[in-house]
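J.: Just the structure for this:
(chains A and B)
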2 protein chains.
Amino acid sequence: MRAEIIAVGTELLLGQIVNTNAQYLSRGLAELGIDVYYQTVVGDNKERLIGAIGIARGRADLLVFTGGLGPTLDDLTRDALAEYLGRGTILHEPTMNKIWSLFTARGGAFVESNRKQALMVEGAIPLRNDTGLAIGNALSVDGTHYLLLPGPPREMKPMFDNDASAWLKELMGETFSLHSVMLKFAGIGESGLEDLLIDLIREQQDPTIAPYAKEGEVAVRVSTKAADSEEASRKLEPAIMEIRKRTAAHLYAEEDVPIEATIVRLLTEQQRTVTLAESCTGGMVSQLLTTVPGSSVVFLGGAVTYSNPMKIQLASVPAELLEGPDATGAISAESAVAMAEGMRRLADSDFALSITGNAGPAAAEGKPVGLVYVGLAERGRETRVETLQLSGDREGIRLRSSKRALYLLWLSLTGRG
Amino acid sequence: MRAEIIAVGTELLLGQIVNTNAQYLSRGLAELGIDVYYQTVVGDNKERLIGAIGIARGRADLLVFTGGLGPTLDDLTRDALAEYLGRGTILHEPTMNKIWSLFTARGGAFVESNRKQALMVEGAIPLRNDTGLAIGNALSVDGTHYLLLPGPPREMKPMFDNDASAWLKELMGETFSLHSVMLKFAGIGESGLEDLLIDLIREQQDPTIAPYAKEGEVAVRVSTKAADSEEASRKLEPAIMEIRKRTAAHLYAEEDVPIEATIVRLLTEQQRTVTLAESCTGGMVSQLLTTVPGSSVVFLGGAVTYSNPMKIQLASVPAELLEGPDATGAISAESAVAMAEGMRRLADSDFALSITGNAGPAAAEGKPVGLVYVGLAERGRETRVETLQLSGDREGIRLRSSKRALYLLWLSLTGRG
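T.: Down below sits the predicted model:
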């Protein structure tokens, strides 16, 4: 079954709200094994709404509407669909009674426009609204299926999860649904990863293999339709094994978690601790680690050494490294090593990561924007340091430096580096 | 001019990400006086994308695409539009050179697929991409205008705000445009601010007064249409003056900047410095301050004291405060005072902010989730401490604690507190 989601509301077209309903419904439909081919947003205008219904009917079997079921003049979805189908509307008595008793209980006068929320397209079956007033609609006409859901997420979500999903399942008479596994990678870019997997991506049929990238993260989703999770595993596992083999140095999780969550888990399992000495990232690594609940067990603390005196005072960097005739300067491999080692000794932690560099916008100490040194001190091992030359803006450089530092720690924690 | 926004990406149809680009562009187009009639989302499929272009051309004069300009096989937008228009693609040399030198600098092999990001539809003018690689496209064919923007918001937003907006303004050749002033507030919530301005918001005609809120920030946009900035000022100023009068303790900027930018500016002007001692916020305040270019002049550094030993070592908190018979514990007003004063003395800074508390998810030291102490030590003044009881999730508590600490510093820097 091919679906199109039609969100109705001028507030969406004005950018006053984000269309989170489309995301929720897309995900929910995918889980039911229904492919969403289009999402459309149209304003509170009957003519344009009817136009959008016509277009959607030509390219989808299931039209899922959200919004426009309320009491105001702007709420046109039900009327527009009825007009498009050449049908009338009928009153849903239980909803009408519910609205009546609500007004009676409040002691207020009944506002006539509220009657609208109890109307349904002729022939539709009602979808219960436990968190609001407007009744939902489900109907099938000439092989096309229509779902009318309210706009407010707190009404839409339970209606979709309950009555609407049940109706869709019955419609399909199927038990097949989409199962997928998200693979997460670090220390590699989107195009680098695609190079490793290019033949798999090109030849994919079932399971499907789709790469994703967002700032600082790369992922691949492997998906298939199956009757149950056992069958799904059987279908997914060969593809996942092949990807594992090719990307062992980068695949840090087989679920959608950031690398900092994997690191907190590994440190906890290994009962080891980490500290940080950050310069150009200004506390970003610290910030990422502490978003993970439970990080306080393994993350002892960090220093944001944004000035030379703080590098000396908080991370025990020797002053002669930073200033004087033999100084290599704050942005140097030597400084990264000193920061990591100084911090690790001070806190007596198992690991210490350090980052020093120039995130821009202008050259500093004669060092170009994007030049960053990442250090990793480890109890009982020699300190490692990596030189990066990154491009992009200040925030991008800071984020990629932070993720790179976490990647180095992950390599060490997993015995890879 | 009537616009349609076409977001391209299967990840949107699968519900993996929310279409925030559509909101950003809708708002931006509205500000230029362009009406958005439809938003469409289509997957990474050339045939369906071409179909969507055909439909959009029939109902809009301006088609704004986001997504599908990257290096992978899935990135089809440029090709689909070229095919629809019966045109070829040409190489944008400066972008190609940029990509080349990036690969050279990294010392890696050039990945051929990256060449794609330098291609443009024949006849298009290039839209600069300062935060990424893929070049944007703008072209007009037979009275329909096309804008091709990248999908990642951090590339799309600056491209739209700069080159794309300039191109649209020229296209419209209009003299009346929307002028607006963004007023930013701290230390007050959305409903608190609305209470102060309720009559102004209700009675607004011209200029319009619209409140906005996002996590940790509250803003009001005052807008009017005018021929030039002089006329705009004349129309906007009375409303802004009235708002200034009512919100003096909270209005920190009359442009869309975060409070950390205002603080870096004030510290720079006053030639004063700040340091930080953060516990539950895990480096977030440090992180916020260092997003501001030039912050290194006034922000000396900070300690993320995520464990008691680090509070003692990095922020000179007396051990007997944290453990032992008379200890008040790490989550206490006393600890906040000691952290701020210890840090300020250590670094000899003019100010030091401290934050200690429980951001959740569970009670700690017997202290409830959301209990947070914020301290402010200042040279020559008594240290102040504020007790917060916040609700919400871990990230929300951390962000609001951070913003509150910055608000306290702002009050002091402006002689308000």
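
J.: The helix or strand of chain A with the lowest mean pLDDT packs against which elements?
T.: Least confident helix or strand, chain A: strand A:208-214 with a mean of 80, by mean pLDDT, DSSP states H and E. Other helices and strands packing on strand A:208-214, by 3 or more Cβ pairs under 8 Å, 6 or more residues apart in numbering or on different chains; DSSP states H and E, are helix A:190-203, strand A:217-226, helix B:10-13. The C-beta positions use only the backbone N, C-alpha and C, and glycine is treated the same way.

J.: Make CSV out of the ones you listed and add mean neighbour count and mean pLDDT.
T.: Listed next are those as CSV, based on neighbours: other Cβ atoms under 10 Å in any protein chain shown; pLDDT from 0 to 100:
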stretch, mean neighbour count, mean pLDDT
helix A:190-203, 16, 88
strand A:217-226, 20, 88
helix B:10-13, 24, 93
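
J.: nearest to A:S402, of the ones you listed?
T.: With Cβ to Cβ, the closest approach to A:S402 among the helices and strands packed on strand A:208-214 belongs to strand A:217-226: 11.6 Å.

J.: after the closest one comes which helix or strand?
T.: helix A:229-246 (DSSP states H and E).

J.: pretty sure A:S229 contacts A:H179?
T.: Yes - A:S229 is in contact with A:H179 according to Cβ atoms under 8 Å; the separation is 6.3 Å.

J.: Between the two, which is the more surrounded one?
T.: Neighbour totals were compared for A:S229 and A:H179, and A:H179 leads with 21 against 11 (other Cβ atoms under 10 Å in any protein chain shown).

J.: Just confirm yes or no for stretch A:380-398 near chain B.
T.: Yes - Stretch A:380-398 is in contact with chain B by Cβ under 8 Å from any Cβ of the partner chain, via A:389, A:391-396, A:398.

J.: circling back to that earlier point, which of the residues in the least confident helix or strand of chain A are buried?
T.: Burial within strand A:208-214, assessed by neighbour count using 16 or more other Cβ atoms under 10 Å in any protein chain shown, is assigned to A:208-213.

J.: ok, now stretch A:107-125?
T.: Buried residues in stretch A:107-125, defined by neighbour count with 16+ other Cβ under 10 Å: A:114, A:116-121, A:124.

J.: filter those down to the ones near chain B?
T.: The overlap between those and the neighbours of chain B (Cβ under 8 Å from any Cβ) is empty.

J.: Among the residues you listed, name the ones in strands.
T.: Among the buried residues of stretch A:107-125, DSSP state E puts A:119-121 in strands.

J.: which SS class is A:Y373?
T.: Following DSSP: H, G, I helix; E, B strand; the rest coil, the label given to A:Y373 is strand.

J.: Please verify my assumption that it contacts A:T387.
T.: Yes - counting by Cβ under 8 Å, A:T387 is a contact partner of A:Y373 at 5.8 Å.

J.: Could I get the contacting residues of the nearest residue to A:Y212 once chain neighbours are set aside?
T.: Nearest non-adjacent residue to A:Y212, counting by Cβ to Cβ, 6 or more residues apart in numbering or on different chains: A:A219, 4.5 Å away. Listed by Cβ atoms under 8 Å, 6 or more residues apart in numbering or on different chains, the contact partners of A:A219 are A:182-185, A:211-213, A:256.

J.: now with 7 Å?
T.: Contacts for A:A219 (Cβ atoms under 7 Å, 6 or more residues apart in numbering or on different chains) come out as A:182-185, A:212.

J.: now, which of the buried residues of stretch A:107-125 sits nearest B:E194?
T.: When the buried residues of stretch A:107-125 are compared for distance to B:E194 (Cβ to Cβ), A:N114 wins out at 25.8 Å.

J.: For that closest one, which non-adjacent residue is closest in space?
T.: Sequence neighbours aside, A:P71 is the residue nearest to A:N114 in space, at 4.8 Å (criterion: Cβ to Cβ, 6+ apart).

J.: Would you list the phi and psi of that neighbour?
T.: Backbone geometry at A:P71, expressed as degrees, to the nearest 10, gives phi -90, psi -10.

J.: buried stuff in whatever helix or strand A:L399 lives in?
T.: In the assignment (DSSP H and E), A:L399 maps to helix A:394-413. For helix A:394-413, burial by neighbour count (16+ other Cβ under 10 Å) applies to A:394, A:396-413.

J.: Next one, pLDDT for A:G108 please.
T.: With respect to pLDDT, A:G108 scores 66.

J.: now swap in A:T175 and tell me
T.: For A:T175, the model assigns a pLDDT of 59.

J.: Low-confidence regions, the stretch 151-300 of chain A specifically.
T.: A:174-176 (pLDDT under 70).

J.: Contacts for stretch A:389-408, please.
T.: Residues outside stretch A:389-408 that contact it (Cβ under 7 Å, 6+ apart): A:186-187, A:215-216, A:259-260, A:263, A:280-282, A:284-285, A:288, A:353, A:355, A:357, A:359-361, A:370-372, A:374, A:376, A:386, A:388, A:417, B:102, B:105-106, B:130-131, B:154, B:291, B:293.

J.: Break down the stretch 51-200 of chain A into its helices, ranges please.
T.: A:77-85, A:93-106, A:153-159, A:165-172, A:190-203 (DSSP state H, counting those that start in this stretch).

J.: Show me which residues of the stretch 151-300 of chain A sit near chain B.
T.: Within the stretch 151-300 of chain A, the positions adjacent to chain B are A:190-192, A:194-195, A:201, A:210-212, A:215, A:282-284, A:286-287, A:290-291, A:293, A:296, A:299-300 by Cβ under 7 Å from any Cβ of the partner chain.

J.: Tell me which residues of the helix or strand containing A:V385 come out buried.
T.: Using DSSP H and E, A:V385 sits in strand A:384-389. Residues of strand A:384-389 classed as buried by neighbour count (16+ other Cβ under 10 Å): A:384-385, A:388.

J.: residue closest to the middle of chain A?
T.: A:D256 (8.4 Å; Cα atoms, centre = their mean).

J.: so who does that one touch?
T.: A:182, A:184.

J.: what about the closest residue to chain B within the stretch 51-200 of chain A, distance to A:A80?
T.: When scored by Cβ to the nearest Cβ, the stretch 51-200 of chain A has A:S191 as its residue closest to chain B, at 4.8 Å. Distance, A:S191 to A:A80, by Cβ to Cβ, to the nearest Å: 45 Å.

J.: again, but for A:L200
T.: Taking Cβ to Cβ as the measure, A:L200 falls 45 Å from A:A80.

J.: Need the distance between the two termini of stretch A:295-308.
T.: End-to-end distance of stretch A:295-308 (Cα to Cα, to the nearest Å): 28 Å.

J.: Could you give me the buried positions within it?
T.: Within stretch A:295-308, the residues scored as buried using 16+ other Cβ under 10 Å are A:295-296, A:298-308.

J.: ok, A:I209 - contacts?
T.: Neighbour list for A:I209: A:197, A:200-201, A:220, A:222, A:239 [criterion: Cβ under 7 Å, 6+ apart].

J.: Can you check the pLDDT for A:L32?
T.: 86.

J.: neighbours around it, how many?
T.: Counted with other Cβ under 10 Å, A:L32 comes out at 18.

J.: That one touches A:S177, doesn't it?
T.: Yes - the pair A:L32 / A:S177 is scored as a contact, 5.9 Å apart, by Cβ atoms under 7 Å.

J.: Can you list the strands that the strand holding A:V385 pairs with?
T.: Note on strand A:384-389: by DSSP bridges, its sheet partners are strand A:371-378 (antiparallel).

J.: Check what contacts the partner strand and list those residues.
T.: Residues outside strand A:371-378 that contact it (Cβ under 7 Å, 6+ apart) are A:280, A:331-333, A:336-337, A:339-341, A:344, A:350-358, A:383-390, A:397, A:401, A:404-405, A:408-409, A:412.

J.: now that strand against helix A:394-413, angle please.
T.: 30 degrees (axes from the mean of the first three to the mean of the last three Cα atoms, to 10 degrees).
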